[in-house]
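Colleague: Quick check, what structure comes out for this input:
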Amino acid sequence: QVQLAESGGGLVQAGGSLRLSCVVSGGALRLNTMAWFRRTPGKGREFVAAMTLSDGDSFVTDSVKERFTISGDSSKNTVYLRMDSLQPEDTAIYYCAATTRSLGTSQYDYRYWGQGTQVTVSS
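Modeller: The predicted model follows:
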């Protein structure tokens, strides 16, 4: 059973940075794509970034691509989301997601989910 565990969230001032981590356990070798989504009050889960584990191909949504970077460390079964120049509108619960399928941007493309980590950006 694949399990995902996020960490690294917290409270940061506008303009600051955070790095979120997602550790995969219990079946990481079967996974093909890892992704980050976020959810704000009143909204559904919004795609942020994803990467293909086999070749490192990645995609970051336009609204944050100048500030966010997704990366991975296969030796640690960990995927990261580096977030720079954070703004109050980035405040959300950030979720790690995984699938055995190819890269997608819909939450319905992903079978496995972490519990989420809260990111709060103060102005």
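Colleague: Quick check: the residue positioned nearest the centre of the chain vs residue 118, distance?
Modeller: In the chain, the C-alpha nearest the mean C-alpha coordinate belongs to residue 36, at 2.3 Å (Cα atoms, centre = their mean). Separation of residue 36 from residue 118 (Cβ to Cβ, to the nearest Å): 14 Å. Glycine gets a C-beta too; all of them are placed from N, C-alpha and C.
Colleague: what does residue 19 give?
Modeller: Distance from residue 19 to residue 118, by Cβ to Cβ: 15 Å.
Colleague: Equivalent analysis for residue 62, please.
Modeller: According to Cβ to Cβ, residue 62 stands 24 Å off from residue 118.
Colleague: Those two: which has the busier surroundings?
Modeller: residue 118 (12 against 7; other Cβ atoms under 10 Å).
Colleague: Would you confirm that the more buried one contacts residue 93?
Modeller: Yes: using Cβ atoms under 8 Å, residue 118 is in contact with residue 93, at 5.5 Å.
Colleague: Report the set of residues contacting both of residue 36 and residue 118.
Modeller: Shared contacts of residue 36 and residue 118 (Cβ atoms under 8 Å, 6 or more residues apart in numbering): residue 94.
Colleague: what's the spacing between the strand or helix carrying the residue nearest to the centre of the chain and its chain's center?
Modeller: Here residue 36 sits within strand 33-39, counting by DSSP states H and E. Offset of strand 33-39 from its chain centre (Cα atoms, centre = their mean, to the nearest Å): 4 Å.
Colleague: And the next helix or strand past that strand?
Modeller: strand 45-52.
Colleague: State the mean pLDDT of the helix or strand just after that following strand.
Modeller: As assigned by DSSP H and E, the chain's next helix or strand after strand 45-52 is strand 58-60. The average pLDDT within strand 58-60 is 97.
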